[in-house]
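Participant: I would like to see how this sequence folds:
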Amino acid sequence: MRIGETILANAGAGWVRAAGLALLGAVGCQGGSGAGSSPAGSAATVGSAAPAGSAAPAASAPAAASAQAEPQRVPQISLTSEDVLKVMNPKKQPPHSGPTGTLRGRVTIVGDPPPDTGLSFPVGKCGEAAATYGRLFRVGQNNGLADALVTVVNYDGYVPEREETEKVTIHGCAFSSRTVAVSYGQRVEVANLDRLEPYMPNLDGAPFTAVMVAMPQGDPVTFTPLQPGYYQLTDKLAKPFLKADVFVLKYATHDVTDLDGRYEIKGIPVGKVFSAALLPALGQDSKKQIEIKEGDNTLDFELRFDLEKHNAKKRVKGDPASP
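Facilitator: Predicted structure coming up:
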C-alpha cells in the first residue's frame, strides 16, 4: 500500500471531498469515485423525520426525474462477506498467527494556534459544540492533537478486523470525534447520549436507505458503507457544524487520536512497516518507517501549523471565506 501520495490542504468547503480522497490515497486506500463526486448510491434528498428505527418517506427526486426517490436496497455487508474479503484479504491468506506488536504514541502539533472557525452554535443545548468545532482543529494538553488518523501499512500477513461496528456518540451537539476510522465491512453506529435533544445523523456518500432519527438515549442509528472511501457524518436537523470525516479503509490497523493526542494500534505483524498520522482538518500528514517488535512499540508524530501558509492555500483554492 502506498503512503507517499500528495496531500491536499482541506480548507474550502467546496473541495472537502477532494481532500478526503487525497488523504485516502496517502494511507493506501483508493476507494471511492473521482474527486468532487460522490460514490455510487450517495444519499438522496429526504423528507420529514421518522421515529427512531423507522423510515421516513422520501422527498421528490431531482428535476430530471419525475418519480419519487425511493430508498435503495442495501446489500448485506459484513466482515465475512465475500466482496469484503476480496478487498481486505485479496491474497486469501489465513489470519496472521505469528508474533505481533502494539504501536502506541502521541501526535502533537506545533506552530500557530488554531484559528476560530467563525461558526455559531445554539445557546444552552449545544454545550460541547463550540469546544469541538469552534477552532480549525482541536489541541489538548502539551500540544496533543485530537482527531488525527493514524495508520499502519505495508506489513506481511492479513490482520482481520475483530469489531463488527465502529461506535460514534453525539452529546451536546458534537460527535465524539471529528474523525472516524472504519475497516471496510464494519458498520457505523451513531448513538445519542443527550437527554432531550434529537438528531438526524446521515452518512453522506453512503446509500440512501431511510431517514433515521437518533432519539435521546435511544437505539443507535446504523450505517453500512458499501465500499472503501471517504464519507462524512452530518446532521439533517439544522446543525451544519455537526460533522465528522469518515475514512473506510482496506485494513484494520488504524486508530484516531483522543484529546491528548494518544493512539494505540494492536495486532501488527512484526517487521518493517510504514505509519502515517493525518489531520483531515488541514490535509496534512507525517509519515515514518518503523520496525515493529513483539510486544510494545512507541512512535510519536509531530505536525506543524503555519497560519499564513494555510490561508495562502485557501486563496489558491478559491475559498471565498479566506482573508
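
Participant: make it CA atoms for all contacts and neighbour counts henceforth
Facilitator: Noted.

Participant: Tell me, how many residues neighbour the closest residue to Thr102 other than its chain neighbours?
Facilitator: Among residues not flanking Thr102 along the chain, Lys266 sits closest, at 4.3 Å (C-alpha to C-alpha, 6 or more residues apart in numbering). Neighbours of Lys266 under the rule other C-alpha atoms under 10 Å: 17.

Participant: and if you look at Val123?
Facilitator: 9.

Participant: sec struct for it, please.
Facilitator: Of the three states, Val123 takes coil according to DSSP: H, G, I helix; E, B strand; the rest coil.

Participant: So, low pLDDT: which residues of the protein?
Facilitator: For the chain, residues meeting the criterion pLDDT under 70 lie at 1-75, 208-209, 317-323.

Participant: would Ala181 count as being in a strand?
Facilitator: Yes: under three-state DSSP, Ala181 falls within a strand.

Participant: end-to-end on stretch 77-91?
Facilitator: Start-to-end span of stretch 77-91 (C-alpha to C-alpha, to the nearest Å) is 20 Å.

Participant: Thr132 belongs to a helix?
Facilitator: Yes: assessed with three-state DSSP, Thr132 lies in a helix.

Participant: There's contact between it and Arg138 in this structure, I believe.
Facilitator: Yes: counting by C-alpha atoms under 8 Å, Thr132 does reach Arg138; the two are 6.9 Å apart.

Participant: Now do the host helix or strand of Gly267: which elements does it pack against?
Facilitator: According to DSSP states H and E, Gly267 maps onto strand 262-269. If contacts are counted by 3 or more C-alpha pairs under 8 Å, 6 or more residues apart in numbering; DSSP states H and E, strand 262-269 sits against strand 100-111, strand 254-256.

Participant: Now do that strand: everything it contacts.
Facilitator: Residues outside strand 262-269 that contact it (C-alpha atoms under 8 Å, 6 or more residues apart in numbering): 96, 98-107, 144, 146, 150, 155-157, 159, 253-257, 292.

Participant: For PyMOL, write the selection for the buried entries among these.
Facilitator: Burial among the contacts of strand 262-269 is assessed by 16 or more other C-alpha atoms under 10 Å; the matching PyMOL selection reads:
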select buried, resi 100+101+102+103+104+105+106+107+144+146+150+155+157+159+253+254+255+256+257+292
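
Participant: show me where the stretch 101-250 of the chain has strands.
Facilitator: Taking DSSP state E, counting those that start in this stretch to define them, one finds strands in the stretch 101-250 of the chain at 149-153, 165-170, 179-183, 187-192, 201-204, 221-223, 229-235, 244-249.

Participant: what's the spacing between the spatially most central residue of the chain and Leu136?
Facilitator: With distances taken as C-alpha atoms, centre = their mean, the residue of the chain nearest its centroid is Val246 (2.0 Å). Going from Val246 to Leu136 by C-alpha to C-alpha gives 17 Å.

Participant: likewise Pro115?
Facilitator: In this view, Pro115 and Leu136 are 6 Å apart by C-alpha to C-alpha.

Participant: For these two, indicate the residue with more neighbours.
Facilitator: Neighbour count, other C-alpha under 10 Å: between Pro115 and Leu136, Leu136 has more, with 16 against 11.

Participant: how about the more buried one, phi and psi?
Facilitator: phi -60, psi -40 (degrees, to the nearest 10).

Participant: circling back to that earlier point, and Asp300, which of the strands of the stretch 101-250 of the chain is closest to it?
Facilitator: Closest to Asp300 of the strands of the stretch 101-250 of the chain, according to C-alpha to C-alpha: strand 149-153, at 10.4 Å.
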